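Enquirer: Fold the following, please.
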Amino acid sequence: MNRVIASCTRGAQMLPEHLTTVEGIGRPGDLVIARVVKVGAYRQVENTHGRDVRIRAGDEIVGVLGDRHSTTSIYGGLPEGGMTVTAGVPADLLAVGGVIGIAASSPASLGPATALELVGLATDAEGRVVRLEPRTTPSLAGAPIVFIGGTAAEVGKTTFASALVNYLATRHGLRVGVTKLAGTGRLRDLLTLADSGAHCAADFVDAGLATTYGHTADTVVGVAHHLVGRLTTEGAEIIVAELGGDLWGAGIPDVLRDADLVAAARALVLVPSDTMASLGADTWLSQNDITIPAVHGVPHRNVMAARERVGRGMGVQLVDPHNEQDLERLVREVLLPALTQPVLAPVGAEAGAR
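Expert: Model (predicted):
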């Protein structure tokens, strides 16, 4: 039997070397041990080093209970009031990073979710359930932020963010902090951003959330404040913040409307699935009173055609992350002026984790 400790567990402040189990009611953030019954949509689990480990029937996964409301992958979560966790209770693997719950829907292209049976709630040597506790900050003190959002998963947000991080670090000598503020936890994305030349890196899993689905606006925004403050304290002069999935879910509208984060934001880069999605995203921003200046990225496909259509239809210039002239225009016209402004001071109470 193989046991994989999933990457989403890294948000626990202390993960005991030897885990035991108890039965009880599991709630979002609780660590559980589950046994693989039948491999389905996900054949691997990402471990705490960011490596995808193949799983087979009989293997055990140490994961985190939570929700995932993906429009392109598995949709599922926990019953209201929590989930009964006793040996043999069926569950599903909702995400490669180790989010566990009950799958409600899965695309035909993926097939059914990988089926699990719960072993129990993971406990430490004193019998206490190990869980993720969100680390939040009530007010923001931080460096300027560039948000990277998209119209769907897998449209190229991490690709754009990585190119921008590398350009800011290597061509302009800036200390760049990188983060992922919303979505479903997976270490791979953060490592990709960090490896692009970032000065420091941390995401919402580091701040105690395996996923930002199913949490209150106060929690998601408070975690975002915490991460921006942490990266600034670690020396970031500018922060590139990826927003997972699409702009509608995972608490992203709350992040983009928060007064402190809006004040720190210098741009929201929109990465679309196609040119019509560019117009849809622009319309959505105006309808939802989101005032952060939007910069439109190019969709995966023909760059020349996209430039022509969006330029004619919307009157905006697209930014291609693989084009140095485009990146330089973004940096010079939008981002560098922000660095001449003072770092934001805390609003209200002194900033710090609570």
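Enquirer: Skip the chain neighbours and tell me the closest residue to Glu133.
Expert: Gly208 (5.0 Å; C-beta to C-beta, 6 or more residues apart in numbering). Where C-beta positions appear, they are placed from N, C-alpha and C, glycine not excepted.
Enquirer: same question, Gly244
Expert: Residue nearest to Gly244 in three dimensions, not counting chain neighbours: Gly183, with 1.9 Å by C-beta to C-beta, 6+ apart.
Enquirer: ok, the one you found to Val295 distance?
Expert: From Gly183 over to Val295 the distance is 20 Å, taken as C-beta to C-beta, to the nearest Å.
Enquirer: who's more crowded, those two?
Expert: Neighbour tally, Gly183 and Val295, criterion other C-beta atoms under 10 Å: the higher count belongs to Gly183, 28 against 25.
Enquirer: surely the more buried one meets Asp246?
Expert: No. Look at Gly183 against Asp246 with C-beta atoms under 8 Å: they stay out of range, at 9.7 Å.
Enquirer: List phi and psi for Glu117.
Expert: When read as degrees, to the nearest 10, the backbone of Glu117 gives phi -130, psi 130.
Enquirer: So in terms of bridging, what pairs with it?
Expert: Beta bridges link Glu117 to Arg35, Pro90, judged by DSSP bridges.
Enquirer: so who does it touch?
Expert: Glu117 makes contacts with Ala34, Arg35, Val37, Ala87, Gly88, Val89, Pro90, Ala91, as judged by C-beta atoms under 8 Å, 6 or more residues apart in numbering.
Enquirer: Around the fourth one, count how many other residues there are.
Expert: The number of residues packed around Ala87, counting by other C-beta under 10 Å, is 12.
Enquirer: residues contacting it?
Expert: Ala87 is in contact with Glu23, Glu117, Leu118, Val119, Gly120, counting by C-beta under 8 Å, 6+ apart.
Enquirer: Where do the domain boundaries of this structure fall?
Expert: 3-123, 145-339 (automatic domain parsing).
Enquirer: Just give me how far the longest one sits from the chain centre.
Expert: Which is domain 145-339. 11 Å (C-alpha atoms, centre = their mean, to the nearest Å).
Enquirer: try the shortest one
Expert: Going by C-alpha atoms, centre = their mean, the spacing between the C-alpha centre of domain 3-123 and its chain's C-alpha centre is 17 Å.
Enquirer: What's the end-to-end length of that domain?
Expert: Taking C-alpha to C-alpha, to the nearest Å, domain 3-123 runs 16 Å from one end to the other.
Enquirer: now the protein, which segments are flagged as low pLDDT?
Expert: Along the chain, the parts satisfying pLDDT under 70 run over 338-354.
Enquirer: ok, the most far-flung residue of it relative to its centre to Leu279 distance?
Expert: Note on the chain: the largest C-alpha distance from the chain mean falls to Arg312, namely 33.2 Å (C-alpha atoms, centre = their mean). Distance of Arg312 to Leu279, computed by C-beta to C-beta: 12 Å.
Enquirer: Would you mind pulling the contact partners of the helix or strand hosting Leu279?
Expert: Per DSSP states H and E: Leu279 is located in helix 275-287. Residues from elsewhere that reach helix 275-287 (C-beta under 8 Å, 6+ apart): 149, 151-152, 247-248, 268, 270, 272, 294, 296, 299, 305-306, 309-310, 313-314, 318.
Enquirer: Quick one, which of the residues you listed are buried?
Expert: By neighbour count, with 16 or more other C-beta atoms under 10 Å, those hold 149, 151-152, 247, 268, 270, 272, 294, 296, 299, 306, 309-310, 318 as buried.
Enquirer: Dump the residues you listed to a markdown table, plus distance to Arg51 and secondary structure.
Expert: Below are these laid out as a markdown table (distance: C-beta to C-beta, whole Å; DSSP: H, G, I helix; E, B strand; the rest coil):
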| residue | distance to Arg51 | secondary structure |
| --- | --- | --- |
| Gly149 | 28 | strand |
| Thr151 | 30 | coil |
| Ala152 | 26 | coil |
| Leu247 | 30 | coil |
| Leu268 | 32 | strand |
| Leu270 | 32 | strand |
| Pro272 | 31 | coil |
| Ala294 | 36 | strand |
| His296 | 35 | strand |
| Pro299 | 30 | coil |
| Ala306 | 35 | helix |
| Arg309 | 40 | helix |
| Val310 | 39 | helix |
| Leu318 | 35 | coil |
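Enquirer: Many thanks, we can stop here.
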